[in-house]
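# Okay, here's the prediction I keep looking at, along with the sequence it came from:
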Amino acid sequence: MNVYDTERMTESLQTEGYVPTDSVEDADMILLNTCHIREKAAEKVYSELGRFKNLKSENPDLKIGVVGCVAQAEGEEIIRRQPLVDLVVGPQSYHKLPVLERQIKVGEKRVEIDFPTEDKFDFLAKRTGVKRAPSAFLTIQEGCDKFCAFCVVPYTRGAELSRPVEKVTSEVRSLVDKGVKEITLLGQNVNAYHGAGQDGAQFTLAQLIWKLEKINGLERIRYTTSHPNDMTDDLIDAHRDCQKLMPYLHLPVQSGSNKILKRMNRSHTAETYIDLISRIRKARPDILISGDFIVGFPEETDDDFEDTLELIRQVEYGQSYSFKYSVRPGTPAAERQQVTEAVKNTRLQELQKLLVEQQKTVQQDMVGRTVRVLFEKHGRQIDQVVGKSDYLHAVHASGDDDKIGCVKNVLITKSNTNSLQGKII
Ligand code: SAH
Ligand code: SF4
């Protein structure tokens, strides 16, 4: 979502005459888009800001802003800790950037972290440019009402909100007109989507997907991130019936211990999750399942951790993201009995060993198969193109740039650590 937001902010500032640059030395304004989900990500902001000190002494007109969830969570504190910052903007106020830019240009410092009542998407600049990369992100839902005990999202991104169906479809159409072939629908809780249709009736995510499926030129639809409790039957059916919906599902479980899941306020159990996965696999047997895991949540015992390993053995993940529990101020779990760092490290290592093995097996199983790949860019070698398979594996193949933007059948010949190699047929 930060990638999508960054793109939208860049577009908003382009209307003010800014152009993006790859080099901080060239910049008249630097916006650091930040993540608050774990402590490490949040602390990185201050070390990054420290690096800009010299730039500001060389160019006193340089403006520096912190945007994103750290901005939302820490507000004025950021300017207090690092006075070279001119601007602090939370995720719900990005549409105000052009106005804020004019204010900081004349020497004001601004902090904008309200949750305004207007819909920022209506005020963000229209997506411009004549041609776009073949794959694009699109936010359709923001915020979360679930309040898992470890998570800051409900506080930084606010209450759950879905964009209206017509706004989503017209944005997709305009992206497709600019060459986009694949859309990834984004939301902190994307499968809780309940956007209003034209007559005011609410659409489920599955209904939205079916509407997008009818758009000519759009070839692939993906969505992320989902919560197990919002995996409705119509969405599972869409994985069986909708040709454009890709066979990949990121469905975080966090833990395999029912005691821990309860304390996390996850409102699903290990059994309901496993049952859900088997219903999804029944609908779409080749679907690749991806997950998120937290080790060392307060009061997690060796037995609880063993339950998580057991769940992983049963599900067999093709992709995963795993984290040591990180204390987030203001969340309920922050106040509880903590697991030691040493235990967290050991558990993370063991968990990742198992997950990497599973990932390798799933990748290795692709060798000898023909898969469909959307080529997105040229590779590091001459005459090499890189794209993503239906299962979201990165695939390298020999071919010239006219393959970019096309979906081709590729025979997979080799599995590397994080990608596959193949031959276009
Ligand atoms: N909405 C999604 C995920 C949002 S955050 C869901 O409900 O699954 C992305 C991932 O970050 C989470 O799935 C979780 O695994 C991890 N995460 C969130 N808060 C964390 C914390 N305090 N410590 C460690 N990992 C955390
Ligand atoms: Fe955070 Fe996801 Fe739980 Fe919402 S559902 S609180 S975003 S982990």
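Right, received. Where do you want to start? This is a predicted model, so every value here is computed, not measured. Ligands and ions are numbered 1, 2, ... in the order given.

# residues from the protein in reach of ligand 2?
By CB under 6 Å from any ligand atom, the part of the chain that sits against ligand 2 consists of Cys144, Lys146, Phe147, Cys148, Cys151, Val153, Pro154, Gln188, Asn189, His227. Any C-beta I mention is one placed from the backbone N, CA and C, and that applies to glycine too.

# Who are the contact partners of Ser266?
If you look again at residue 266, you'll see it is Arg, not Ser. Cys148, Pro228, Gln254, Ser255 (CB atoms under 8 Å, 6 or more residues apart in numbering).

# Can I get the buried part of the residues of the chain next to ligand 2 as one PyMOL selection?
To isolate the buried ones among the residues of the chain next to ligand 2 in PyMOL, judged by 16 or more other CB atoms under 10 Å, type:
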select buried, resi 144+146+148+151+153+154+188+189+227
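
# would JSON lines of the residues of the chain next to ligand 2 with secondary structure and pLDDT be doable?
Compiled in JSON lines, the residues of the chain next to ligand 2 are given as follows (DSSP: H, G, I helix; E, B strand; the rest coil; pLDDT from 0 to 100):
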{"residue": "Cys144", "secondary structure": "coil", "pLDDT": "95"}
{"residue": "Lys146", "secondary structure": "coil", "pLDDT": "96"}
{"residue": "Phe147", "secondary structure": "coil", "pLDDT": "97"}
{"residue": "Cys148", "secondary structure": "coil", "pLDDT": "98"}
{"residue": "Cys151", "secondary structure": "coil", "pLDDT": "97"}
{"residue": "Val153", "secondary structure": "helix", "pLDDT": "94"}
{"residue": "Pro154", "secondary structure": "helix", "pLDDT": "95"}
{"residue": "Gln188", "secondary structure": "coil", "pLDDT": "94"}
{"residue": "Asn189", "secondary structure": "coil", "pLDDT": "95"}
{"residue": "His227", "secondary structure": "coil", "pLDDT": "98"}
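
# Restricting to the residues of the chain next to ligand 2, which residues neighbour ligand 1?
Among the residues of the chain next to ligand 2, ligand 1 is touched by Cys151, Val153, Gln188, Asn189, His227 when using CB under 6 Å from any ligand atom.

# Just give me the closest of these to Thr370.
Set against Thr370, the nearest of those by CB to CB is His227 (33.8 Å).

# The nearest residue to that closest one once chain neighbours are set aside and Trp210: what is the separation?
Among residues not flanking His227 along the chain, Asn189 sits closest, at 5.3 Å (CB to CB, 6 or more residues apart in numbering). Distance of Asn189 to Trp210, given as CB to CB, to the nearest Å: 20 Å.

# cool, Glu271 as well?
30 Å.

# So which of those two has more stuff around it?
Trp210 (19 against 10; other CB atoms under 10 Å).

# neighbours around the residue of the stretch 1-150 of the chain found nearest ligand 1, how many?
For the stretch 1-150 of the chain and ligand 1, the shortest gap (CB to the nearest ligand atom) falls at Phe150, measuring 4.0 Å. For Phe150, the tally of surrounding residues (other CB under 10 Å) stands at 24.

# Tell me the secondary structure of the closest residue to it other than its chain neighbours, please.
With sequence-adjacent residues excluded and distances taken as CB to CB, 6+ apart, Phe150 is closest to Ala333, at 4.7 Å. Recorded secondary structure, Ala333: helix (DSSP: H, G, I helix; E, B strand; the rest coil).

# Report pLDDT for Ala333.
Note on Ala333: pLDDT of 98.

# Repeat that for Leu124.
pLDDT, Leu124: 72.

# mind checking how far it is from ligand 2?
Using CB to the nearest ligand atom, to the nearest Å, Leu124 is found at 22 Å from ligand 2.

# What parts of this structure come near ligand 1?
37-38, 150-151, 153, 188-189, 225, 227, 252, 254, 292, 294, 323, 325-326, 328.

# Now intersect the residues you listed with the strands, please.
Residues of those located in strands (DSSP state E): Asp292, Ile294, Phe323.

# so what's whichever residue of the stretch 201-350 of the chain sits closest to ligand 2 up against?
With CB to the nearest ligand atom as the measure, His227 is the residue of the stretch 201-350 of the chain nearest to ligand 2, at 4.9 Å. By CB under 8 Å, 6+ apart, His227 lies in contact with Lys146, Asn189, Asn191, Ala192, Pro252.

# is it true that the residue of the stretch 1-150 of the chain closest to ligand 1 touches Phe293?
No - applying CB atoms under 8 Å, one finds Phe150 not in contact with Phe293, separated by 11.9 Å.

# And for Asn191, the neighbour number?
23.

# what's the answer for Val410, then?
27.

# ok, now how distant is Pro60 from Leu13?
Here Pro60 is placed at a distance of 20 Å from Leu13 (CB to CB).

# So for these two, which sits in the more crowded spot?
Counting neighbours by other CB under 10 Å for Pro60 and for Leu13 shows that Leu13 has the greater number, 18 against 6.

# of all the contacts of His227, which two lie farthest apart?
Ala192 and Pro252 (13.5 Å).

# Show me which residues of the lowest-mean-pLDDT helix or strand in the chain are buried.
Ranking every helix and strand in the chain by mean pLDDT, DSSP states H and E puts helix 120-123 at the bottom, with a mean of 76. Buried residues in helix 120-123, counting neighbours by 16+ other CB under 10 Å, are found at Lys120, Phe121.

# Apart from its neighbours in sequence, what residue is nearest Gln141?
Nearest non-adjacent residue to Gln141, counting by CB to CB, 6+ apart: Gly187, 3.0 Å away.

# Go ahead and confirm that neighbour touches Thr139.
Yes - using CB under 8 Å, Gly187 is in contact with Thr139, at 6.7 Å.

# Touching both of these two, which residues are there?
With contacts taken as CB under 8 Å, 6+ apart, Gly187 and Thr139 have Met1 as neighbours in common.

# So those two - more neighbours on which side?
Gly187 (26 against 20).

# dump the residue contacts of that one.
Met1, Thr139, Ile140, Gln141, Glu142, Ser162, Tyr193, Tyr223, Thr225.

# By neighbour count, which of these wins?
If you rank the contacts of Gly187 by neighbour count (other CB under 10 Å), Tyr193 sits at the top with 27 neighbours.

# If I look at Met231, what pLDDT would I see?
Met231 is given a pLDDT of 98.

# Show me what counts as buried in the longest helix seen in the chain.
Of all the elements of type helix in the chain, the one with the most residues (DSSP state H) is helix 341-364. By neighbour count on 16+ other CB under 10 Å, the buried set for helix 341-364 is Val343, Lys344, Arg347, Leu348, Leu351, Leu354, Leu355, Gln358, Gln359, Val362, Gln363.

# And stretch 384-399, by the same measure?
Neighbour-count burial for stretch 384-399 [16+ other CB under 10 Å]: 385-397, 399.
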